[in-house]
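> Turn this into a structure:
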Amino acid sequence: YTHNWPYDPAAGNVATNQTLLWSVISIFGLFAGILVVLYIYGQFKEEPGDPFDSGGNGTSLTTNDLEQGLERVRATQRATYKFFVLAILLFGAQVLAGMLSATDFVAARSASTLARLIIPFSVLRGYHTLFQIYWFFMAWVGYTLFFLPRISRVPDGQLTLINLLFAICIFTGVGALVGIYLGQTGMITNGAAAYWLGSQGWEFMELGRLFQYTLLASFALWIFIIYRAVRPWLTVKNIWSVPSWLLYGSGIMVAFLFFGLMISPDQNWAVADYWRWMVVHMWVEVTFEVFTTVIVGYMLVQMGLISRMM
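Next comes the predicted model:
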């Protein structure tokens, strides 16, 4: 798609053999993916396992249960509260950064001047796009970790891992917050330091390279925590069960985010932006859309509002 595009014979932009080859391979890859999806869907007819005990035995998570105090909140679930608090703070920071940066596009001269004096527009825009991603991530992490004790016994050491995950998330968030400001305002002038601790300069990936590594480390730890919780469900009989798919889907999403590491400062811009766009699409199509749909589905089943087949 990006090779000699757009088509313009007068400019020498014509389809090459590589363009045709990879276009055909992509189409067959799409067909193969559809076949895999249809096969997996067919396996769900057997309904392996019921992690939510939705057979009418009264264990569904309902408002009435909560009001009567019948639901015991475990220590690992209490440990997730801080993720939701952080998500709320990040959401507020994202909205505030968006409001301040938007004043550059309207006739609010005094407000625009005030925004420039406090934080430059480029920094505010970086905060607005980055925090948008990060508060979503915090909310999803908080919910999945809160949800895990309902499908299996809490493994030993799970609380420590959850607290470690939160510490890494705080380190990444604060590092990106400070680094983007120092990098884009010219306070970090050394090239290597600006790249690793300041800003990489890519939209939606503006945090320093070091903090990108810690962000991916937090993702990997999140997947490991999920794996420890759903491990009892990873059997031949329950290979297509809901807990197993929580691990599969989350793991694939995180794996694709590692494509961002293939970007380097001396790389061809078109190639580097291709890898960046892979990461952006994982945020948008997977993290925002698919993950939201899946989590809402889990919640509706847990509350007894819909059946598993629905």
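
> Strands of the protein, start to end?
For the chain, strands defined by DSSP state E occupy the ranges 199-202, 205-207.

> Identify whichever of the ones you listed lies nearest to Leu164.
strand 205-207 (20.1 Å; CB to CB). C-beta coordinates here come from the backbone N, C-alpha and C atoms, glycine included.

> what's the closest one packed up against?
Other helices and strands packing on strand 205-207, by 3 or more CB pairs under 8 Å, 6 or more residues apart in numbering; DSSP states H and E, are helix 121-147, helix 158-184, strand 199-202.

> Could I get these in JSON lines, plus columns for distance to Phe288?
Formatted as JSON lines, these follow (distance: least, CB to CB, whole Å):
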{"stretch": "helix 121-147", "distance to Phe288": "6"}
{"stretch": "helix 158-184", "distance to Phe288": "18"}
{"stretch": "strand 199-202", "distance to Phe288": "19"}
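
> Which among those is found nearest to Asn17?
Comparing those by CB to CB, strand 199-202 comes nearest, at 31.1 Å.

> Can you give the strand pairings for the closest one, parallel or anti for each?
strand 205-207 (antiparallel) (DSSP bridges).

> For the strand it pairs with, which outside residues touch it?
With contacts defined as CB atoms under 8 Å, 6 or more residues apart in numbering, strand 205-207 is touched by 126, 129-130, 172, 175-176, 179-180, 199-200, 212, 215, 260, 263, 276, 279.

> Out of those, the closest to Ile34 would be?
Val279 (24.5 Å).

> can you pull the contacts of the nearest residue to that closest one once chain neighbours are set aside?
In space, and not counting its chain neighbours, Val279 is closest to Gly260: 4.3 Å by CB to CB, 6 or more residues apart in numbering. Gly260 makes contacts with Met205, Gln212, Leu216, Trp275, Arg276, Met278, Val279, as judged by CB under 8 Å, 6+ apart.

> quick one: which of those residues is nearest Ala192?
Of the contacts of Gly260, the one sitting nearest to Ala192 (CB to CB) turns out to be Gln212, at 14.8 Å.

> Run a quick neighbour tally on Phe219.
22 (other CB atoms under 10 Å).

> With adjacent residues omitted, what lies nearest to it?
Of all residues not flanking Phe219 in the chain, Val254 sits nearest, at 4.4 Å (CB to CB, 6+ apart).

> do you know how far that neighbour is from Trp222?
Between Val254 and Trp222 the distance is 7 Å, computed by CB to CB, to the nearest Å.

> what about those two, which has more around it?
Using other CB under 10 Å, the more surrounded residue of Val254 and Trp222 is Trp222, with 23 against 19.

> Now the more buried one: closest residue in space, sequence neighbours ignored.
Nearest non-adjacent residue to Trp222 (CB to CB, 6+ apart): Val141, at 5.6 Å.

> wouldn't the one you found be in contact with Ile168 here?
No. If you go by CB atoms under 8 Å, Val141 and Ile168 don't touch, sitting 10.9 Å apart.

> neighbour-wise, which of these two wins?
Val141 (26 against 17).

> List the contacts of that one.
By CB under 8 Å, 6+ apart, Val141 lies in contact with Thr80, Phe83, Leu165, Cys169, Trp222.
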